[in-house]
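**Q** below are the sequence and a predicted model for it; my questions follow.
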Amino acid sequence: MHLSYATSNSILDRAIDSEDSQHNDFLRLEHVEGYHELSAKTKIFFSTAVAKWDADFYVKIDDDVHVNLGELAATLARHRAKPRVYIGCMKSGPVLAQKSVKYHEPEYWKFGEDGNKYFRHATGQIYAISKDLATYISINQPILHKYANEDVSLGSWFIGLEVEHIDDRNMCCGTPPDCEWKAQAGSVCVASFDWSCSGICKSVENLKFVHEKCGEGDEALWSALL
């Protein structure tokens with residue numbers, strides 16, 4: 001399933017229309033695209049997904065991240081019996097008060113004195129939430145506060161709830177040689193990306209290479225589904 005957004009009628013939009021007419025596998029959200037709209041997009045995505053599909057988990061993945069779907073399915077299956085689960089690569093970065101820097105937090109004062117860190121939350125490249133949490137977002141969408149950074153916003157919605165945070169480091173492996181070494185050692189990564197690029201650097205050119213080195217193999221997906 002591909003996730004697309006309502007934007008202007010650009011060359012990219014026409015290409016998406018063409019592909020969608022062939023495969024009919026795009027979910028289009030009525031949403032204004034932009035970095036400062038990511039938190040709102042997250043609300044709309046989970047609210048739409050939980051209304052359309054009945055699932056144990058709902059997963060958000062950036063399109064410049066390499067994912068082994070079989071390993072992802074197996075990881076989620078291990079937590080299926082838990083009622084409220086938030087799974088991802090948990091972090092706690094600094095709250096940036098300076099207006100000139102990337103990831104500036106306008107509401108930095110809410111997090112205490114200068115130099116403080118955020119509460120633990122999953123990095124935005126990939127994370128999964130259980131059905132109850134997706135439903136919670138859908139029901140409470142109008143009153144869930146949006147911080148500057150989408151991953152912080154999501155973490156804030158759960159920090160005061162009875163939610164189990166699962167810190168899974170296999171959801172934030174590096175690109176080769178990191179994920180390649182781990183696969184050779186028998187620990188196949190769920191997701192791989194470059195921290196320096198917040199995804200796979202030059203993903204269009206490099207994603208296939210990462211898959212060749214760190215992919216789980218087709219049989220892994222079918223085994224997980226069976």
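**A** Sure thing, it's come through. Residues are numbered from 1 along each chain as shown.
**Q** where does the chain dip in pLDDT?
**A** The model of the chain has pLDDT under 70 over residues 1-9, 29-37, 221, 224-226.
**Q** could you tell me which residues within the lengthiest helix in it count as buried?
**A** For the chain, the longest helix by residue count, based on DSSP state H, is helix 38-52. Using 16 or more other Cβ atoms under 10 Å as the test for burial, helix 38-52 gives 38-50. No exception for glycine: its C-beta is placed from N, CA and C like everyone else's.
**Q** need these in a markdown table (columns: distance to residue 58).
**A** Shown next, in a markdown table, are the buried residues of helix 38-52 (distance: Cβ to Cβ, whole Å):
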| residue | distance to residue 58 |
| --- | --- |
| 38 | 16 |
| 39 | 16 |
| 40 | 17 |
| 41 | 14 |
| 42 | 11 |
| 43 | 12 |
| 44 | 13 |
| 45 | 8 |
| 46 | 6 |
| 47 | 10 |
| 48 | 10 |
| 49 | 5 |
| 50 | 6 |
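**Q** can you count the residues close to residue 61?
**A** Neighbour count of residue 61, defined by other Cβ atoms under 10 Å: 19.
**Q** same thing with residue 126?
**A** Residue 126, neighbours per other Cβ under 10 Å, totals 24.
**Q** got it, and the one 3 residues further on?
**A** Using other Cβ under 10 Å as the criterion, residue 129 is surrounded by 26 other residues.
**Q** does it touch residue 79 like I think?
**A** No: in this structure residue 129 lies outside contact range of residue 79 using Cβ atoms under 8 Å: 10.8 Å.
**Q** who touches both of these two?
**A** Common contacts of residue 129 and residue 79, defined by Cβ atoms under 8 Å, 6 or more residues apart in numbering, comprise 85, 87.
**Q** quick one: the strands in this protein?
**A** For the chain, strands defined by DSSP state E occupy the ranges 2-5, 26-29, 57-61, 66-67, 85-91, 121-130, 164-167, 191-192.
**Q** out of those, deepest packed?
**A** With neighbours defined as mean count of other Cβ atoms under 10 Å, the strands of the chain peak in mean count at strand 191-192, which reaches a mean of 28.
**Q** helices and strands around that one, which ones?
**A** In terms of contacts (3 or more Cβ pairs under 8 Å, 6 or more residues apart in numbering; DSSP states H and E), strand 191-192 is packed against strand 66-67.
**Q** other residues contacting the strand it packs on?
**A** Contacts of strand 66-67 (Cβ under 8 Å, 6+ apart): 61, 126, 175, 179, 190-193, 200, 207, 210-211, 214-215.
**Q** for residue 79, which residues are in contact?
**A** 85, 87, 130, 164, 166.
**Q** sorry, wrong one. I was asking about residue 60.
**A** So residue 60 contacts 42, 45, 46, 124, 126, 127, 128 (Cβ under 8 Å, 6+ apart).
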